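Participant: After the sequence you'll find the predicted model.
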Amino acid sequence: MQFKHPEILYFLFLLIIPILVHLFQLRRFKKEYFTNVKLLKELSIQTRKSSKIKKWLLLATRLLILACIVLAFAQPFFKAKDSNNSTNEMYIVLDNSFSMQAKGQKGELLKRAVEDLLEHTPESQNFSLITNSETYWNTDIKSIRTTLQNLKYSPLPFQLESAMAKIKSHKSAFNKDVIVISDAVGLEPKQLKSIDKNFNTLFIIPKAEQKNNVAVDSVFINQTLDNFYEIGINLSSYGKDFAAIPIALYNKEKLIAKTLITVESKQKTIRFTIPKEDFHGYVSITDNGLEYDNTLFFSISKPEKINVLSIGETEKSTFLTRIYTKDEFNYSNYNLGVLDYNLLEKQDAIVLNELKEIPQALQTTLKSFVEKGGNLVVIPSEESTLLNINGFLSNFGNIQFKSNQKVEKSVTKIAFNNPLYHSVFEKQVANFQYPKTKSSFAISSSNPAVLSYEDQSVFLTALSNPLSSVYVFTGAINKTNSNFQNSPLIVPTFYNMAQSTTKTGVSALVIGEKNPLLIDALLAKDEIVNVKNKDEKFIPIQQILNNKVKITCNDYPQQAGNYGVYKKDELLKNISFNYNRTESDLAAANENLLSDYKIMNSVETTFDTLQTDRSNTEIWKWFVILTLLFLVTELFIQKFVK
């Protein structure tokens, strides 16, 4: 027990006063017997004994009364068990990612968490609020009430280490209380390592009752027909026992197709056929799970002819004319000696077909070409020098040619999951007519093989970046050295290597991913492009690259949807943005990782616990009550004790 005013305890010396008074009243008198009345004498002795007991009782109560009064004024208390953290600063980390759309016992998890904060956070409590996308320093519940009521879901997934980094950067002389309100979806052990052990970290884990969820993951062109695209829509399901789900396809706001599907596996692909022209719409489903991943926005541009140029001997390049036909490609071939370098920047893909030497000027031009989004295909010559070709390839990545091996080998392994062969094969093929080469270069590369020989060495590899790819063969594919030109593989291989992401394919970008995008546009020095739709507009990071502009959107836009890239009022390209699907699996909530931390039931319980643990137990009131009790006791002694 401790005292707020221990100096008042000196007044306990006043207890000597009633003791002295009592002793004075109990002083001895000399007995004098003056009559011989025996009965009166005995009665006097009994009365004197009772009076003595009464005086001792009165002395005890008066001492206790005086002692209780002194102790009450000294204000005794028991020290709080967590008094060292009573001056802590408070930080509330509120997860407003899309997984918090899930419904618990009292509604959506995020909305219920906000209500809990508004109802049970003490008005006098100062704190800082950190959400997935916003931070509010040194505020209180009155000041931030409107902000919390209008809080929207963030497209950014919950990252505990990011919140902890913000808290650590907010320097102060005080320790910190950190209250984390999150459903723990996607929580990983490495994120917990970011928690400072000196922080008093508490977790509130709202739980979803319904964990079944179906998400629209992606859209791709499964097959290109004469006048139509067959598109594939990938769905992912989390949970079990799903009811039939409606799925609808819209071009702008016009309904194109609708059907009812059953979900019997974790992954399902639905196919639709659409006209081979501009498409700027979305696919949508309706389920009982999360809402944010029920819609996927995507755009498909009307196909344009792709510009392909090959550099090499004409007789060795005739096979390319049969692949790059006039209905889809603008194909041309030039010998190295008559090549006009000004043509290169206008191409979408360039094929270096068995050049013995690659001049330095061409190397420099091709490096710039790849950086600006062009695809490059390198087919070595049997007479290529290692010094020359390795110097050239070093511009694009970690790949080096070694000695030329005069050994016949068969190409027996296809990387079916490689983007080059995506949607080419309906299933993995075992009895394929595999091509052969009589000689090839051994290579050293950290890049995965697209096609491999029977001895696991590389025949074709790809060095990819967000804008383009460099495809490198390890052996010549002329008819003297190889029968690859007669293989069924040659058409999809070269066809897909020439495909330009700016002219073909589906645009379905993910908000928050920093992958750049190339747009065909001729801009003046001070001109810019902007991205907008009817609800939102922003200016992306951009770089002019001759007749193209490279844009990077980072964390914009804030809302998923169909957008357009504009030069002033001129529409350059339709693009679409979607939320990241990392929050779709509600079963990924991993509360077991938090076994070493305090998990609280609610905001109310959290604040009650903190207040109880950090509040001293005041007991001066008990001494006031005891004072009154002893006063009553004295009155009863005076009245009833003779």
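Facilitator: Great, that's in hand. Numbering: from 1, shown residues only.
Participant: which SS state does the spatially closest residue to Pro189 that is not a sequence neighbour fall under?
Facilitator: Spatial nearest neighbour of Pro189, chain neighbours left out: Leu593 (6.1 Å); criterion: C-beta to C-beta, 6 or more residues apart in numbering. In short, each C-beta sits where N, CA and C put it, glycine included. Following DSSP: H, G, I helix; E, B strand; the rest coil, Leu593 is assigned to helix.
Participant: Just the pLDDT at Leu593, thanks.
Facilitator: pLDDT for Leu593: 83.
Participant: Same question for the one 4 residues further on.
Facilitator: Among the per-residue scores, Tyr597 holds a pLDDT of 86.
Participant: Could you tell me how far it is located from Asp608?
Facilitator: 18 Å (C-beta to C-beta, to the nearest Å).
Participant: cool, Ser162 as well?
Facilitator: Taking C-beta to C-beta, one finds Ser162 at 29 Å from Asp608.
Participant: helices or strands up against the helix or strand hosting Ile625?
Facilitator: Element membership of Ile625, judged by DSSP states H and E, is helix 620-640. Contacts defined by 3 or more C-beta pairs under 8 Å, 6 or more residues apart in numbering; DSSP states H and E place helix 620-640 against helix 38-74, strand 76-78.
Participant: any idea of the mean pLDDT for it?
Facilitator: On average, helix 620-640 scores 82.
Participant: From the chain's centroid, how far away is that helix?
Facilitator: Centroid separation for helix 620-640 versus its chain: 65 Å, with C-alpha atoms, centre = their mean, to the nearest Å.
Participant: Same check on stretch 262-281?
Facilitator: Averaging C-alpha positions (C-alpha atoms, centre = their mean) puts stretch 262-281 27 Å from its chain's average.
Participant: can you list contacts of that stretch?
Facilitator: The contact list for stretch 262-281 (C-beta atoms under 8 Å, 6 or more residues apart in numbering) reads 214, 222, 224-238, 242, 244-245, 247, 249-252, 254, 256-257, 259, 261, 297-303, 562, 574, 576.
Participant: among these, which are in helices?
Facilitator: If you go by DSSP state H, these have nothing in helices.
Participant: From the residues you listed, keep the buried residues only.
Facilitator: Neighbour counting with 16 or more other C-beta atoms under 10 Å marks 214, 222, 229, 231-233, 235-238, 242, 245, 247, 249-251, 256, 261, 297-301, 303, 562, 574, 576 as buried within the contacts of stretch 262-281.
Participant: out of those, which are inside strands?
Facilitator: Filtering the buried ones among the contacts of stretch 262-281 for membership in strands, criterion DSSP state E, returns 214, 222, 229, 231-233, 235-238, 245, 247, 249-251, 256, 261, 297-300, 562, 574, 576.
Participant: Can I take it that Lys211 is in a helix?
Facilitator: No. Counting by three-state DSSP, Lys211 is located in no helix; its state is coil.
Participant: ok, and the closest non-adjacent residue to Arg395?
Facilitator: Let me fix one detail, which is that residue 395 is Asn and not Arg. Lys367 (4.5 Å).
Participant: Am I right that that neighbour is in a helix?
Facilitator: Yes. Remark: Lys367 belongs to a helix, assigned using three-state DSSP.
Participant: On the pLDDT front, check it for me.
Facilitator: Looking at Lys367, its pLDDT stands at 93.
Participant: What about it, how many residues nearby?
Facilitator: 15 (other C-beta atoms under 10 Å).
Participant: Look up how far Leu626 lies from it.
Facilitator: 91 Å.
Participant: where does the stretch 1-150 of the chain dip in pLDDT?
Facilitator: Counting by pLDDT under 70, the stretch 1-150 of the chain has low-confidence residues at 1, 3, 25-51, 77-86.
Participant: one more time with 50, if that's ok
Facilitator: Confidence mapping of the stretch 1-150 of the chain against pLDDT under 50 gives the ranges 27.
Participant: Helices along that one, start to end?
Facilitator: Using DSSP state H, counting those that start in this stretch, the helices found in the stretch 1-150 of the chain span residues 16-25, 38-74, 109-120, 145-149.
Participant: ranking these by burial, who's on top?
Facilitator: Of the helices of the stretch 1-150 of the chain, the one with the most neighbours on average (mean count of other C-beta atoms under 10 Å) is helix 109-120, at a mean of 19.
Participant: And the strand or helix carrying Gln542, what's buried?
Facilitator: Using DSSP H and E, Gln542 maps to strand 541-545. For strand 541-545, the neighbour count (16+ other C-beta under 10 Å) marks 542, 544-545 as buried.
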